[in-house]
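Q: Mind folding the following:
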Amino acid sequence: MENISFIGCGSWGAALSKVLSDKNIQSTMWHRSKSIVDKMSSTRKHYLVPDLTFSKKVFFTNDLDSLIEESSILVLAIPSQSIRSVIEPKKHLITNDKILVNLAKGIEIDTLMTISGVLHDILGNDFNNIVALSGPSHAEEVIFGHPTTLVSASKNEESAAVIQEVFSNNTLRTYKNHDILGVELGGAMKNVIAIAAGICDGIGYGDNSKAALLTRGMGEISKLGSAMGAESLTFQGLSGFGDLIVTCLSKHSRNRSVGQAIGEGRSLENVLGEMSMVAEGVLSAKSIHQLRLKHNVDMPIHEAIYNVIFEGEDPKKSVEDLMTRTLTSELKGDR
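A: Residues are numbered from 1 along each chain as shown. I've put the predicted structure just below:
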């Protein structure tokens, strides 16, 4: 039996711990705060998602060293920008027989690395048990057992298969994919488009606008992903279009909610200050902007979102600028 642990106690990691407990698999969750650990241990309730009640198969700790040493599968359930600071001081504890599973969907802002790149940078290129678990999945729906599909992506097919098996049951179906780069890029970039979708909602635009945004936005995602070496087919799958759809259309999406508030005229600082969870798309917009310039890829929608978030451009003006660009072909030329 695998010894499975979660580094982080966010809603998505907690939802996956419930999947394991429903399969009669024990897991342990780490949080740096002893008070939060003690509270969840005593109440059996998640500190951010009160609808989630933990079974006795789920344990809690704030002892990260022991957690890492005793685990064969480590699920990284923390934000993208926190992974290096948490993992690097503990790299001496992460042996080559462990599998690292990343749930975060972002690009490290300082290095422009995907999370698998960050982990290789910390642990060395010889460490090959890195898996990205991604796809169209809201924690709230997984908690209630709504049918959901995921992708277990890794260059190591054996590790991908292990995680596929672990995180599958009668309501959660996981597929394998060897293109971890494409899976990670799709997960990061769709969050930026989700902010744009929220802005459309906040302004009051309708279905036509949303359809155009998702379609053209996916075109931009695929262009940058292909330029970086990912497989274009990946972006047509669950971690691409699938994740894009659920993030852009759902009331559960934090990134869409941020965009909606901006579209309604609120400041980004004010919106983020009220959030208890992380909206990865905000910093991803900056990372994608830098990657676009590095790889010389034209991405007008992503660039418009960057300008709204970081340059203070009016959202309606950004939309007008997008609509009045030089006319071009759908299949060739600039998007």
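
Q: check contacts around residue 183.
A: Residue 183 makes contacts with 132, 134, 151, 153, 177, 234, 239, as judged by Cβ atoms under 8 Å, 6 or more residues apart in numbering. Where C-beta positions appear, they are placed from N, C-alpha and C, glycine not excepted.

Q: mind redoing it with 10 Å?
A: 102, 105, 114, 116, 131-135, 151-154, 177, 225, 230-231, 234-235, 237-240, 243 (Cβ atoms under 10 Å, 6 or more residues apart in numbering).

Q: is it true that residue 226 lies in a helix?
A: Yes: looking at residue 226 with DSSP: H, G, I helix; E, B strand; the rest coil, it is inside a helix.

Q: For it, which non-adjacent residue is spatially closest?
A: Leaving aside its sequence neighbours, residue 226 sits nearest to residue 232 (Cβ to Cβ, 6 or more residues apart in numbering; 5.2 Å).

Q: gap between the one you found and residue 291?
A: 17 Å (Cβ to Cβ, to the nearest Å).

Q: Pick out whichever of those two has more residues nearby.
A: residue 291 (22 against 13; other Cβ atoms under 10 Å).

Q: Point me to the helix or strand that includes the more buried one.
A: Here residue 291 sits within helix 281-295, counting by DSSP states H and E.

Q: same thing with residue 29?
A: strand 27-30.

Q: returning to that earlier point: just the pLDDT at the residue nearest to residue 226, thanks.
A: Confidence at residue 232, expressed as pLDDT, is 94.

Q: Residue 270 - that's part of a strand, no?
A: No: secondary structure of residue 270 (three-state DSSP): helix, not part of a strand.

Q: quick one on the thing from earlier: buried set for the strand holding residue 29?
A: For strand 27-30, the neighbour count (16 or more other Cβ atoms under 10 Å) marks 27-30 as buried.

Q: domains of the chain?
A: Domain assignment for the chain by automatic domain parsing gives 4-178, 182-323.

Q: On the three-state scheme, residue 118 is what?
A: Under the three-state scheme (three-state DSSP), residue 118 adopts helix.

Q: Please apply the same query to residue 132.
A: Taken by three-state DSSP, the conformation at residue 132 corresponds to strand.

Q: where are the low-confidence patches of this structure?
A: Applying pLDDT under 70 to the chain picks out residues 1, 276-278, 332-335.

Q: does residue 237 really touch residue 175, like I thought?
A: Yes: with contact defined as Cβ atoms under 10 Å, residue 237 and residue 175 form a contacting pair (8.0 Å).

Q: Just the strands from the stretch 1-150 of the chain, written as ranges.
A: 4-7, 27-30, 58-61, 73-76, 99-102, 130-134, 148-153 (DSSP state E, counting those that start in this stretch).
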